[in-house]
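1. Structure, please.
(one chain, ligands or ions: 1)
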Amino acid sequence: MDGFNLKPIQSAVPTIKIENGKYKIIRRMYFSRMMDFFVTEFFEALSQGHYIWKCGVCNKYFLMTTAHKQLYCSTVNKEYGVPCSYVAKHPEITKRKMKKQKKSDSPYYVLWNRRYSSIRQNKSLGKYSKAVSSKAKKIIDMKFERAQFDFDYAENNYEDEMNLEKIYEEAMKE
Ligand SMILES: [Zn+2]
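-> All right, here's what the predicted structure looks like:
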């Protein structure tokens with residue numbers, strides 16, 4: 001790589017930013033070369049525990065951003081029009097068998113699992129009927145499933161929609 005070095009040069013300038021009427025001092029970074037920016041960003045990511053992984057579907061490298069093991073990247077695969085992690089779970093898309101990605105490998109699993117234990121607990125405490133509980137479980141399953149391939153949804157709505165009260169509200173309809 002031409003011009004690549006492991007000692008990227010940057011200048012950090014304290015800057016005042018107004019946020020919700022409050023003044024905040026932030027650090028603004030300036031780079032004279034694009035490569036310095038990339039190298040700095042990359043090492044920041046590494047130092048925060050993110051690491052590089054090679055996606056088994058598209059063979060591209062991606063930055064793993066959660067503590068969970070993601071075997072496949074979340075980038076929309078141009079060939080299939082859905083993210084690689086979704087491609088991997090649906091062998092009918094590629095017609096070739098991929099190593100199966102476990103449910104717990106998903107970054108959205110933690111929240112799903114938390115809701116699932118609450119639903120089970122509420123059921124055993126008799127707070128909600130068997131029927132409502134199984135419907136609530138179906139609802140969280142659907143939302144979890146959607147978060148696997150709809151990344152806009154995953155980023156912007158998933159957490160909100162996984163609100164337990166809302167789930168029960170939905171489960172008790174009809
Ligand atoms: Zn990929």
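2. elements contacting the least confident helix or strand in the chain by mean pLDDT?
-> Of all helical and strand segments in the chain, the minimum by mean pLDDT, DSSP states H and E falls on helix 91-94, at a mean of 72. With contacts taken as 3 or more C-beta pairs under 8 Å, 6 or more residues apart in numbering; DSSP states H and E, helix 91-94 sits against helix 84-89. To be clear about C-beta, it is placed using only N, CA and C from the backbone, and glycine gets the same treatment.
3. quick check: mean pLDDT across the helix it packs on?
-> Average pLDDT, helix 84-89: 83.
4. Check which residues of whichever strand or helix holds Lys143 are buried.
-> Element membership of Lys143 [criterion: DSSP states H and E] is helix 130-149. By 16 or more other C-beta atoms under 10 Å, the buried positions in helix 130-149 come out as 132-133, 135-137, 139-140, 143-145, 147-149.
5. Same question for stretch 44-55.
-> 50, 53, 55.
6. related to what we said a few turns ago, what about the least confident helix or strand of the chain, distance to the chain center?
-> 22 Å (C-alpha atoms, centre = their mean, to the nearest Å).
7. what do you get for stretch 37-55?
-> On C-alpha atoms, centre = their mean, the centre of stretch 37-55 falls 16 Å from the chain's centre.
8. Are that stretch and the ion in contact anywhere?
-> Yes - legend: contact between stretch 37-55 and the ion by C-beta under 5 Å from the ion is shown at Cys55.
9. Contacts for that stretch next, please.
-> Contacts of stretch 37-55 with the rest of the structure, by C-beta atoms under 8 Å, 6 or more residues apart in numbering, involve 4-6, 8, 10, 29, 31, 60-65, 67, 70-73, 75, 84.
10. Got a PyMOL select line for the buried ones in those?
-> Selecting only the buried entries of the contacts of stretch 37-55 in PyMOL, with 16+ other C-beta under 10 Å as the criterion:
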select buried, resi 8+31+62+64+70+71+72+73+84
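11. hang on, the earlier thing: hmm, the least confident helix or strand of the chain touching the ion?
-> No - legend: contact between helix 91-94 and the ion by C-beta under 5 Å from the ion is lacking; minimum distance shown is 11.7 Å.
12. which parts of that helix are buried?
-> In helix 91-94, counting by 16+ other C-beta under 10 Å, buried: Ile93.
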